[in-house]
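>>> got a predicted structure here, sequence first:
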Amino acid sequence: MSALFILIGISIAVAGCFLAAFLWSVNNGQFDDDYTPSIRMLFDDDIKTSTSKPEQLTQNK
């Protein structure tokens, strides 16, 4: 029976640690942006830029 009390005490301590970690993450802004991750897959990863300089374009004409 005493083992049951020890296990209950340990489970309350672990639950308290999880609660503290959750409150810390909320206060540090971990859950602020909930819209962007859902649409991130719609954006292109690579930004396509022109490799030629404007001076080269006018000289070739």
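Now that the structure is in, tell me what you want to look at.

>>> pLDDT score for residue 28?
Looking at residue 28, its pLDDT is 91.

>>> measure residue 18 to residue 35 for me?
26 Å (CB to CB, to the nearest Å). (C-beta placed from N, C-alpha, C; glycine too.)

>>> could I get the average pLDDT for stretch 8-22?
98.

>>> tell me how far that stretch is from the chain's mean position?
23 Å (CA atoms, centre = their mean, to the nearest Å).

>>> how many neighbouring residues does residue 18 have?
9 (other CB atoms under 10 Å).

>>> what's the first helix or strand after the strand or helix carrying it?
Using DSSP states H and E, residue 18 sits in helix 2-27. Following helix 2-27 in sequence order, the next helix or strand is helix 36-39 (DSSP H and E).

>>> got the CA coordinates for that next one in CSV?
The C-alpha trace of helix 36-39 is given here as CSV (Å, rounded to 0.1, in the frame of the first residue of the first chain):
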residue,chain,number,x,y,z
THR,A,36,1.6,30.0,-40.9
PRO,A,37,2.5,26.3,-40.4
SER,A,38,-0.7,25.2,-42.0
ILE,A,39,0.0,27.1,-45.2
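
>>> list of residues touching that helix?
Here helix 36-39 makes contact (CB atoms under 8 Å, 6 or more residues apart in numbering) with no residue beyond itself.

>>> average pLDDT for that helix, rounded please.
So the average pLDDT for helix 36-39 ends up being 78.

>>> distance between that helix and the chain's centre?
Centre to centre, stretch against its chain (CA atoms, centre = their mean), the figure for helix 36-39 is 11 Å.

>>> I'd like the numbering to begin with 9 instead of 1 from here.
Let's use 9 as the start, then, which means that last one is helix 44-47.

>>> which parts of that helix are buried?
For helix 44-47, burial by neighbour count (16 or more other CB atoms under 10 Å) applies to no residue.

>>> mind checking how far the spatially most central residue of the chain is from residue 27?
Centroid check for the chain by CA atoms, centre = their mean gives residue 38 as the closest residue, at 6.7 Å. As judged by CB to CB, residue 38 and residue 27 stand 15 Å apart.

>>> nothing else from me, thank you.
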